[in-house]
Structure formats: structure tokens, C-alpha cells
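Trainee: what's the 3D shape of this:
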Amino acid sequence: MSTDAPTYHQRVASEKRAAITEAATALFLESGYDGTSLARIAESAGVSKATLFKQFPTKAALFGAIVTEYWQMDEGSAALPGPGKPQAGLTAVGQRYVELLTRPGMADLFRIVIAEAPRFPELAKIQFDLGKLPFFDTVADYLRAEAEAGTLSVADPTMATTQFLGMISNYVFWPRLLLVDWDPSEAEVERVVTEAVATLLARHGAPDSA
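Mentor: Here you go, the predicted model:
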């Protein structure tokens with residue numbers, strides 16, 4: 001019985017944490033970050049205030065947890081491919097970026113930040129530091145690894161990463177913030193990734209690197 005107890009308690013804690021972050025996201029969208037109290041989030045999540053404060057002592061900490069969850073890659077797809085075949089590797093990178101940008105609620109997360117950033121600039125910093133930056137750095141490191149392997153010629157991995165991810169997000173994600181019915185097909189999204197890969201290889205590809 002004692003062997004199962006930690007697993008049970010961990011599962012309960014995980015379920016409560018998920019309920020808290022889900023309730024907080026919905027309330028932030030409905031009433032704004034400033035207009036939502038931790039007490040109201042606890043009530044909406046069906047947990048005690050003590051339980052919420054134990055996991056998230058501040059509203060900023062709660063928002064940071066939400067950002068981290070949204071940008072967390074699923075287990076099994078978190079690691080980017082090793083260097084050696086940049087066309088396949090970049091395609092995998094692009095597909096994982098699409099997976100992140102199109103997961104339910106991601107656009108809403110950005111809407112919260114954009115709406116509240118003038119009064120709470122720390123939210124934008126949290127979104128950048130805990131959300132996009134870790135993935136961005138991982139992609140830049142992948143490009144460096146390809147360059148070191150001689151399969152890409154990339155003098156500025158940061159700029160190349162910016163351009164590559166920008167080609168994808170400018171079609172797949174950013175229109176969603178303005179156009180509520182923006183929903184490109186799988187074929188259209190696949191073409192965007194394919195074209196982004198082809199563009200980067202045309203600019204940075206070493207001979208016979210595909």
C-alpha cells in the first residue's frame with residue numbers, strides 16, 4: 001500500500017495543477033490578468049486557496065507555469081534530430097514548431113500577453129523567456145551542429161533561426177490572432193514547412209547536404 005501512495009498523491013497533485021492552470025487561462029481571457037484573483041482561480045478550479053498557494057505563491061508564477069506547459073514538447077518528440085541530414089532534420093524542426101503553434105490555447109495565450117503587456121510587461125518577458133526562447137535556442141543549437149558537421153554553412157545561427165521559424169509562424173500562427181476563422185489545411189501547412197526548409201537550404205546548404 002505504501003508503494004502506491006506516492007504515485008496516487010502525485011497523480012492527484014498533477015490533476016489539481018492541471019485544473020488550476022486550465023481555470024486560470026480561461027479566467028485570464030475572460031477578465032484579464034489584472035482582473036483575476038488567485039482566490040477566484042482556486043474557486044473555479046475546485047481547489048482550496050491553500051492548495052493553489054502551495055503550488056503557485058504568486059499570479060506571475062502561475063502564468064509562468066501556463067507558458068511552460070504550452071511550450072512543452074510531448075515526450076518522445078522533444079529532442080531534435082542529430083546533424084547529418086539537414087533536409088530531414090529541418091523538416092522535423094518545422095513540424096514540431098507547427099505542433100507547438102497550433103496546439104489548442106496557444107493563440108489565446110498570446111492574446112493574454114498582448115492585452116496585458118502595457119500594464120504588466122513582465123508577462124511578455126515570461127512568455128519569451130519560458131516559452132519561445134528555449135525552443136528558439138534549441139533550433140539555433142541544431143543549426144550550429146549541422147554547421148559543425150559541414151552539412152550547412154551558417155555564419156549566424158540566430159539570424160537563420162529567426163528567418164526559418166518566421167517563415168512558418170507568419171503563415172501558420174500570426175493570422176490566427178486577427179482572423180478567428182484562420183484554419184489552413186494540413187496540405188497548406190506541410191507546404192509552408194517544405195518551402196521554409198527549401199529556402200534555408202538554398203541559402204545555407206552545403207553541396208550534397210540533403
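
Trainee: ok, Ala42 touching Phe56?
Mentor: No - Ala42 lies out of contact with Phe56 (Cβ atoms under 8 Å); the separation is 9.7 Å. For every residue, glycine as well, the C-beta is placed using N, CA and C.

Trainee: so what sits against both of those two?
Mentor: Counting by Cβ atoms under 8 Å, 6 or more residues apart in numbering, the contacts common to Ala42 and Phe56 are Ile20.

Trainee: can you tell me which residue is nearest the centre of this protein?
Mentor: Geometric centre of the chain, nearest residue: Trp71, 2.6 Å, by Cα atoms, centre = their mean.

Trainee: how about the contacts made by the closest residue to Thr158 other than its chain neighbours?
Mentor: Leaving out its chain neighbours, the residue that sits closest to Thr158 by Cβ to Cβ, 6 or more residues apart in numbering is Ala140, at 5.7 Å. By Cβ under 8 Å, 6+ apart, the contact set of Ala140 is 157-158, 160-161.

Trainee: tell me the buried residues within these.
Mentor: The neighbour-count test (16 or more other Cβ atoms under 10 Å) marks 157, 160-161 as buried among the contacts of Ala140.

Trainee: now, the contacts of Ala140 that are in helices?
Mentor: When DSSP state H is applied, these are split such that 157-158, 160-161 fall in helices.

Trainee: now the two most distant members of those.
Mentor: Pairwise distances across these (Cβ to Cβ) peak at 7.3 Å, for the pair Thr158 and Ala160.

Trainee: right, I'll leave it there.
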